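> got a sequence here, can you build the structure:
(chains A and B, ligands or ions: 3)
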Amino acid sequence: MNLHLEKSPQERFAALLEKAGECAAPEQRDTIPRIYIGMATCGLAAGAAETKAAFEEVLAEQHIEADIIPVGCLGHCYAEPLVVIENPGFPAIAYHQVTPGKAKVLVKSFLVEGDPLFEYVLAAMEENDLIPTVADFPRFNLEQRIVMRHCGVIDPTDINQYLVKGGYASLARALSLPPEEIIRMVAEAGLRGRGGAGFPTGRKWELAKADPGTEKTVICNADEGDPGAYMDRTLLESDPHQLLEGLAICAYCVGAAKAVVYVRAEYPLAVETITTAIDQARDANLLGRSILGTSFDLEVTVFQGSGAFVCGEETALIQSVEGKRGMPQHRPPYPVQHGLWDQPTVINNVKTLSTIPTIIEHGSQWFRSVGAQTSPGTAIFSVVGKVIHPGLVEIPMGTTLGTLIFNICGGVPKQKQFKAVQIGGPSGGCLPESFLDTPVDFDSLTQAGAMMGSGGMVVMDEESCMVNVARYFLEFTQNESCGKCTFCRLGTRHLLNILDRITKGQGKESDLDVLDSLARDIQRGSLCGLGKTAPNPVLTSLNYFRSEYQAHISEKRCPAMMCRTLTAFYIDPDKCARGCEVCVGCCPVEAIFTAKGRKKAIDQSLCVKCGECMVSCPPEYDAVKKVSPAELAPIVERPES
Amino acid sequence: MIQLTIDGTKIVAQPGKNLLQVCLENDVYVPHLCHMEGMEDPPASCRLCLVEIEGVNGTVASCRIAPRDGMVVTTQSQAVRQLQRSALQLLLSAHRVDCRNCASNKRCALQQMAKFLKVPLKVKHLDHLLDETDYQLNHPVLEYDPGKCVLCGKCIYVCTRQQAHPVLTFARRGFETVIGFMGSTPPSELPCLDCLACSAICPVSAIYPKKPEAASSHSPGPADQRLNGVGKQ
Ligand SMILES: Cc1cc2nc3c(=O)[nH]c(=O)nc-3n(C[C@H](O)[C@H](O)[C@H](O)COP(=O)(O)O)c2cc1C
Ligand code: SF4
Ligand code: SF4
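Numbering: from 1, shown residues only, chains lettered A, B, ... in the order given. Ligands and ions are numbered 1, 2, ... in the order given. Below is the predicted model:
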């Protein structure tokens, strides 16, 4: 034991780092090209594996020596498969949508002939005279990458790459400090939990540390059940060691010798990557027994959750790890006192834990200088829906919604009008244009009726019907209700039924009051956060888009022309070209017939409102019209044949 | 001894009881459905026993509150009543109201609360959500009616307390949640006919023994004597 203590954790770490440096990036290799391919789930879905195979094949064919480095995800989903090539003599260049075909051309032109093929370039990754750099694009330069700084840059399956980037230095430093001091740093940094509720992380750790329990556990919550969100998955797949470092620091602070990473089983690559990372860290003495020669032990295991949304709720998550039905429990007692197996348990989100190493590295003052006063640091959003550059963005808290949607993500495509943004996942809120000045932070969003939640963000344009949007999200939460408590089990079902009726034109005047009061009761009366937040989409859309509800109910009109029962298609005889048959062939139900004067018309009794005819009608005629309410469509009799 | 104020009246309570129990023992009726005497961690799932406590935001389930000295409790504020009525109406909206043909008529928990909260048994402003599934418990001696069950969980609780190998559990989830039967025990070894604690405790007669000709050859035992005091409340 004494032998162990001779060297400080930092000295042991220095030795480790030296070895890592030799393995990770030998200097002499700067003479051959390096090809970084984004191979997280999103990249793979876009065909990154085929792209990699194409690179390998053509490199072998051309007898070119180059390193192919599979990396995680940069967060630029619109550009996948994304490849960065470092060709000696050139700046590092990012290429977008690199298909196997493009891969072969790139090797021949760029690596062999020295032509970087400007038409394929996304941007250069560093300053140069040749090509615009990423810093010239708002999608890069308005972001501030702290938690995601290594995503898409390092090989997540190689611990050495994390080490040479400065990884695990914070753990080594932490281990030479008393836990109280680190907890104080985290508290002073003002870090708030990224799992949704924004609870102060320092405070949570303090409570866990103060508890006399002896079998404490730290759980990383990577359940991520929100359908549109994938930032936790990306962090696990792209930079697993940063998370493990944060997890180890947390365990050291609170006095836990066991940690669990709770990942949903639908994330096989994340499970594999984190499992590999745990093994590597254990081999390097950064996890396991006597970490860096100290008396601190930490055994980390991976638990695969069955994927119910409600299992992300901390008390349900604990039930699930204990092998029971994943049902939320009344709080208090809170998990920090009575958690897993009734022992003190810290549950933190992936992003929360992944932020810890940088706080230890740069200090709490630095962290406080980033982001907003009451919500320091950065927020990671997955922005999807009607934006030009969807994907993962990491922005300083306090950035306004407008900047995020319009400047960073490029705004709404096809010159359509912005209508609303749903923030915080299925139980967040729908905010209209007048809220685009709202800063993104925990308190401002909650005040607006939305929430930070998981960080899911869906942008909607004029073609989205807000009643239908509320119905869609309610359908999700209603389906995910565990069924334990009265308000959520039955109340959400009623909300859904009413919304469903309204979208079908069967709404009643009294429905709006029922929706409003029932939604509030569910909010106040439910047992857990799922029920308490499920009514948010209904309440916000009722609040900000009430006239759309009214149009559905009293005029049977869907202003966005999205609700099928309330819309109809017809063919304008003045525009229809005599004899053109395009629409007839594309109608799946043969609802289009030839009327008087060889013009076409739609049999409303057959039409299923798929809109295929509208798409197929040549733009020079533009004869198919969509209307709401449905009775605006003129009825044309089918001629007797 | 703990001194607290409930609806303006000073009350002395013994430690170890939850606030709901203290209210009930002092003749302050608080509607409730899922709580039972002796439960270690009441599920707090019916959301009816809500009260307001000075210094605490919103309403809280009194079954999960340990009374503290000086606590000031209101059991009948407007916010409390609004939520209680709403919860009861939700339960009624998914309940087959057929009192005349129901064994629980006149001693039914829903009737009792409806009377207290002045809520009509037919809910007008909500659709009727009767579960249309033809769910069967498939239990050799018990019959179960999901259209009546209010999912209070009392049957599961008494079964768990009474039997070394409990046979009842929650099954399915969300709106479809029902009482399920863990049916691995051979019917002849089931203790059910001699126990029937679930049927005795059910506040709405949603679980009951099958008619003798439909059940197995067992003869019904003296079920009520065997309750051993479980779930007296
Ligand atoms: C229905 C529901 C789902 C949740 N899902 C998640 C989740 O997927 N990931 C997560 O980190 N937290 C989730 N939470 C929040 C957790 O209960 C918990 O507050 C969080 O993990 C704490 O970590 P933090 O302090 O780092 O935010 C969910 C909460 C609710 C009510
Ligand atoms: S609010 Fe919904 S998910 Fe939460 S305990 Fe109640 S029924 Fe279950
Ligand atoms: S069967 Fe009766 S006791 Fe069991 S949960 Fe349903 S209502 Fe409660």
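
> count the neighbours of the residue in chain B positioned nearest to ligand 1 for me.
Nearest residue of chain B to ligand 1: B:Gly174, at 12.7 Å (CB to the nearest ligand atom). (Glycine included, C-beta is placed from N, CA and C.) Using other CB atoms under 10 Å in any protein chain shown, B:Gly174 has 19 neighbouring residues.

> then A:Cys488?
If you count neighbours by other CB under 10 Å, A:Cys488 ends up with 32.

> contacts only, for it.
For A:Cys488, the contacting residues are A:Ser481, A:Cys482, A:Ile522, A:Ser526, A:Leu527, A:Cys528, A:Leu530, A:Gly531, A:Ala534, taking CB atoms under 8 Å, 6 or more residues apart in numbering or on different chains as the criterion.

> of the residues you listed, which ones also sit close to ligand 1?
A:Cys528, A:Leu530 (CB under 6 Å from any ligand atom).

> top of the contacts of A:Cys488 by number of neighbours, please.
For those, neighbours were counted using other CB under 10 Å, and A:Ile522 has the most, 30 neighbours in all.

> ok, the closest residue in space to it that isn't next to it in sequence to A:Gly453 distance?
Once flanking residues are discounted, A:Ile522 sits nearest to A:Gly491: 4.1 Å by CB to CB, 6 or more residues apart in numbering or on different chains. When CB to CB, to the nearest Å is applied, the distance between A:Gly491 and A:Gly453 equals 20 Å.

> those two: who's more crowded?
Neighbour tally, A:Gly491 and A:Gly453, criterion other CB under 10 Å: the higher count belongs to A:Gly491, 30 against 25.

> the more buried one and A:Leu527, how far apart?
With distances taken as CB to CB, A:Gly491 is found 12 Å from A:Leu527.

> now the two most distant members of the contacts of A:Cys488.
For the contacts of A:Cys488, the maximum inter-member distance is 14.2 Å, found between A:Cys482 and A:Ile522 (CB to CB).

> if we can go back for a sec, now, among the contacts of A:Cys488, which is nearest to A:Thr567?
For these, the minimum distance to A:Thr567 (CB to CB) is 28.2 Å, reached by A:Ala534.

> residues from the stretch 201-350 of chain A in reach of ligand 1?
Taking CB under 6 Å from any ligand atom as the criterion, the contact residues of the stretch 201-350 of chain A with ligand 1 come out as A:Asn221, A:Asp223, A:Glu224, A:Gly225, A:Phe309, A:Val310, A:Gly312, A:Glu313, A:Glu314, A:Ile347, A:Asn348, A:Asn349.

> and which of these is nearest to A:Ala54?
Lowest distance from A:Ala54 to those (CB to CB) belongs to A:Glu224, with 31.6 Å.

> and that closest one, how many neighbours?
Other residues within reach of A:Glu224 by the criterion other CB under 10 Å amount to 31.

> cool, and B:Ser77?
Neighbour tally, B:Ser77, other CB under 10 Å: 14.

> surely it and B:Glu52 touch.
Yes: taking CB atoms under 8 Å as the contact criterion, B:Ser77 and B:Glu52 are neighbours in contact, 5.2 Å apart.

> got the residues of chain A near ligand 2?
If contacts are counted using CB under 6 Å from any ligand atom, the residues of chain A sitting beside ligand 2 are A:310, A:328, A:481-485, A:488-489, A:526-528, A:530-531.

> helix, strand or coil: sort out residue 143 for me.
Defaulting to chain A. Under DSSP: H, G, I helix; E, B strand; the rest coil, the three-state class of A:Glu143 is coil.

> wrong chain, I was asking about chain B
When states are read from three-state DSSP, the local structure at B:Glu143 comes out as strand.

> still on that earlier bit, ok, the residues of chain A next to ligand 2 vs ligand 1, which is closest?
Distances from the residues of chain A next to ligand 2 to ligand 1 were compared by CB to the nearest ligand atom; the smallest belongs to A:Leu530, at 3.6 Å.

> with just CA atoms, put the helix or strand harbouring A:Leu317 into PDB.
Element membership of A:Leu317, judged by DSSP states H and E, is helix A:314-321. In PDB, the C-alpha atoms belonging to helix A:314-321 read as follows (Å, rounded to 0.1, in the frame of the first residue of the first chain):
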ATOM      1  CA  GLU A 314     -35.100   8.900 -11.900                       C
ATOM      2  CA  THR A 315     -37.300   6.900  -9.500                       C
ATOM      3  CA  ALA A 316     -38.600   4.700 -12.300                       C
ATOM      4  CA  LEU A 317     -35.100   4.200 -13.500                       C
ATOM      5  CA  ILE A 318     -34.100   2.900 -10.100                       C
ATOM      6  CA  GLN A 319     -37.000   0.500 -10.100                       C
ATOM      7  CA  SER A 320     -36.000  -0.700 -13.500                       C
ATOM      8  CA  VAL A 321     -32.400  -1.300 -12.400                       C
END
